[in-house]
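> mind folding the following:
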Amino acid sequence: MSKIRLAPIRLALVGLGKIARDQHLPAIAADDRFELVAIVSRNADLEGVAHFTTLAELLASDVAVDAVSLCTPPQPRHAMAHLALAAGKHVMLEKPPGATLSEVEDLRLTAAARGLTLQTTWHSRYAPGVAPAREWLADKAVQAVRINWREDVRVWHPGQDWIWEAGGLGVFDPGINALSIATAILPRPFFLTGAVLHVPENRQSPIQAELDFVDAAGAPIRAEFDFLQTGPQSWDIEVDTAEGRLKLSHGGAKLWVDGALTLEAPDAEYPGLYDAFARLVADRASDVDVSPLRHVADAFLLGRRVVAPAFVE
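Below is the predicted model:
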């Protein structure tokens with residue numbers, strides 16, 4: 001008997017900026033469970049794919065869509081996701097999933113009420129070293145954690161003013177990737193005890209941040225985020241345990257135990273996201289985890305703001 005092949009998920013990509021072109025488009029093209037049927041963007045289009053300037057325009061058209069992947073800045077994402085869910089479409093939310101926790105909770109309830117899939121996409125959790133790190137740490141007594149996440153905003157977000165506006169998160173846009181890994185691999189929950197947020201005098205969001213946490217057993221966790229790194233970029237997490245030291249480097253692409261490289265694999269983060277999304281849609285299930293965003297919200301609530309020099313690209 002031949003295997004029944006399901007029709008591909010007809011997908012619309014909303015937002016065609018750097019992350020969509022660098023990551024989403026290749027991942028979609030490589031997964032035959034998806035068919036890219038539309039692009040929604042005010043400023044860009046893609047040859048051979050139907051183009052619309054607004055999501056409302058797409059939903060009012062005769063282009064059949066099963067799901068939308070929202071790659072816009074976070075500030076308008078709630079309204080767009082609500083519109084898509086109201087039209088019966090499954091929704092993938094790029095990180096961060098929204099500008100506030102309340103927005104994401106509203107979307108979770110809406111998707112559940114309509115029997116639709118909603119996915120919060122923490123892509124760094126699909127880095128190859130993350131699952132093995134979680135497994136190695138599962139039965140370990142964590143003694144201390146150090147997170148060092150430093151990159152150059154001028155390389156990764158050139159000319160993107162939204163990232164400096166309220167809701168754009170500033171340095172927490174990359175920093176939340178570190179928090180998504182930490183919440184996935186550490187065996188105990190952890191809680192913010194203090195933070196310093198360096199906000200440029202001409203911006204609304206921080207360009208650097210230092211965060212201090214403790215886990216449920218009192219182990220200290222220190223995170224340092226920097227958006228002004230030049231030269232080599234740093235995406236590292238070190239975990240000291242009673243049985244040795246674990247390190248994730250290169251954003252989770254490399255795993256070290258007691259100084260020995262135990263795993264190194266090519267990037268597969270976005271293919272992993274779309275694999276998970278396809279499975280969720282098939283099951284009419286959702287995956288909504290706000291724990292990384294909650295830590296960011298705590299930092300904005302508890303953090304001490306200091307004025308930093310003006311940022312000019």
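> quick one: low-confidence parts of the protein?
Residue ranges of the chain with pLDDT under 70: 1-5.
> next, name the residue at the spatial heart of it.
residue 95 (3.2 Å; Cα atoms, centre = their mean).
> verify the stated contact: residue 299 with residue 195.
Yes - using Cβ atoms under 8 Å, residue 299 is in contact with residue 195, at 4.5 Å. The way it works is simple: take the backbone N, C-alpha and C, and place the C-beta from them, glycine included.
> and for the residue nearest to residue 87 when sequence neighbours are not counted, the neighbour number?
Spatial nearest neighbour of residue 87, excluding adjacent residues (Cβ to Cβ, 6 or more residues apart in numbering): residue 59 at 4.8 Å. By other Cβ atoms under 10 Å, the residues close to residue 59 number 20.
> just residue 113 next, same as before
Neighbours of residue 113 using other Cβ under 10 Å come to 9.
> picking up where we left off before, name the SS class of the residue nearest to the centre of the chain, please.
Under DSSP: H, G, I helix; E, B strand; the rest coil, residue 95 falls in the coil class.
> distance of it relative to residue 115?
24 Å (Cβ to Cβ, to the nearest Å).
> do the same with residue 293
From residue 293 to residue 115 the distance is 25 Å (Cβ to Cβ).
> so which of those two has more stuff around it?
Between residue 293 and residue 115, residue 293 has the larger neighbour count (other Cβ under 10 Å), namely 26 against 10.
> in the strand or helix carrying residue 154, what counts as buried?
In this structure, residue 154 sits in helix 153-156 according to DSSP states H and E. Within helix 153-156, the residues scored as buried using 16 or more other Cβ atoms under 10 Å are 153, 156.
> elements contacting that helix?
Contact here means 3 or more Cβ pairs under 8 Å, 6 or more residues apart in numbering; DSSP states H and E; on that basis helix 153-156 packs against no helix or strand.
> off-centre distance for it?
17 Å (Cα atoms, centre = their mean, to the nearest Å).
> got a list of contacts for it?
18, 163, 171, 174, 207, 227-228, 233, 313 (Cβ atoms under 8 Å, 6 or more residues apart in numbering).
> compare those residues and tell me which is most surrounded.
residue 227 leads the contacts of helix 153-156 on contacts (other Cβ under 10 Å) with 28 neighbours.
> show me the helices in the stretch 101-250 of the chain, by range?
Along the stretch 101-250 of the chain, the segments classed as helices by DSSP state H, counting those that start in this stretch run 101-114, 130-137, 153-156, 172-185.
> residue 310 and residue 207 touch, don't they?
No - Residue 310 sits out of contact with residue 207 when judged by Cβ under 8 Å, with a separation of 10.1 Å.
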